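Peer 1: Here is a sequence with its predicted model. Questions after.
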Amino acid sequence: MNFDESALTRLRRYRQEADHSISLIQQTEDIARRYAERLFAGLEYTAVLGRQAGFEVDATRTGDLLILSVAAGTRAQAKVSLGLIRGAAAETDEDLMHEELSGYRLDSSGYSGRVLGWSEQAGDEPCQTFAVYRDGVWKTKGLFVAKARGKVDDPDDVLNGFCLRILGRLIDLAALTGGAGRRWSEVPYTLLQHAGGEDAPTELRPPT
């Protein structure tokens with residue numbers, strides 16, 4: 001076999017592997033999008049219930065981003081933004097990894113899609129992460145829900161119950177319900193900062 005024939009044989013094998021990988025990524029992206037659609041719909045539904053219960057709750061969706069905000073009083077406000085991330089990649093977070101995967105063997109079956117959550121109360125970094133797998137399994141960890149898992153095809157009542165946990169945590173962060181929102185931090189706070197109108201140093205209390 002000359003060089004050209006050998007090179008073509010190898011490149012055709014690469015082409016097959018690339019096609020297989022791209023197909024798996026596309027399937028994972030599609031499942032992640034389906035999950036995001038259901039998650040956002042569930043949050044919009046629970047926002048309606050929140051308003052009926054007397055809270056100022058707003059769920060605004062723009063494309064792949066949903067912003068959920070709640071006000072329990074004049075200064076008791078909190079907000080979370082949830083966005084579907086394009087693409088898929090091999091999962092590396094042990095807490096979010098599919099049970100069938102190992103942290104030491106990440107092949108193409110380990111691709112996950114992502115939905116990320118951000119909150120002004122938590123700074124610039126994502127504070128909630130969802131990993132969604134090709135077979136419909138999803139797992140999450142973060143500020144609003146410490147750890148949870150489910151299936152994309154779970155009944156509406158199950159998913160809406162999960163969304164209610166997120167809204168309830170958002171209310172906790174806004175109103176300090178049961179001390180579950182913010183607590184005083186040990187960061188120094190000077191008279192000069194106070195005179196300048198800076199907020200006193202507090203930090204988010206992690207969910208239990």
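Peer 2: Structure received.

Peer 1: does residue 82 sit in a helix or strand, and which one?
Peer 2: strand 77-90 (DSSP states H and E).

Peer 1: who does that strand pair up with?
Peer 2: Each strand paired with strand 77-90, and its direction, by DSSP bridges: strand 65-71 (antiparallel), strand 111-118 (antiparallel).

Peer 1: List the buried residues of that strand.
Peer 2: Residues of strand 77-90 classed as buried under the neighbour-count rule (16 or more other Cβ atoms under 10 Å) are 77-85, 88. The way it works is simple: take the backbone N, C-alpha and C, and place the C-beta from them, glycine included.

Peer 1: Turn those into TSV, including distance to residue 53 and pLDDT.
Peer 2: Listed next are these as TSV, based on distance: Cβ to Cβ, whole Å; pLDDT from 0 to 100:
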residue	distance to residue 53	pLDDT
77	16	84
78	16	86
79	18	91
80	18	93
81	22	96
82	21	97
83	27	96
84	28	96
85	32	95
88	37	91
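
Peer 1: coming back round to it: for residue 170, find the nearest of the strands paired with strand 77-90.
Peer 2: strand 65-71 (5.0 Å; Cβ to Cβ).

Peer 1: can you list contacts of the closest one?
Peer 2: 40, 43-44, 47, 50, 55-61, 77-84, 166-167, 170-171, 174 (Cβ atoms under 8 Å, 6 or more residues apart in numbering).
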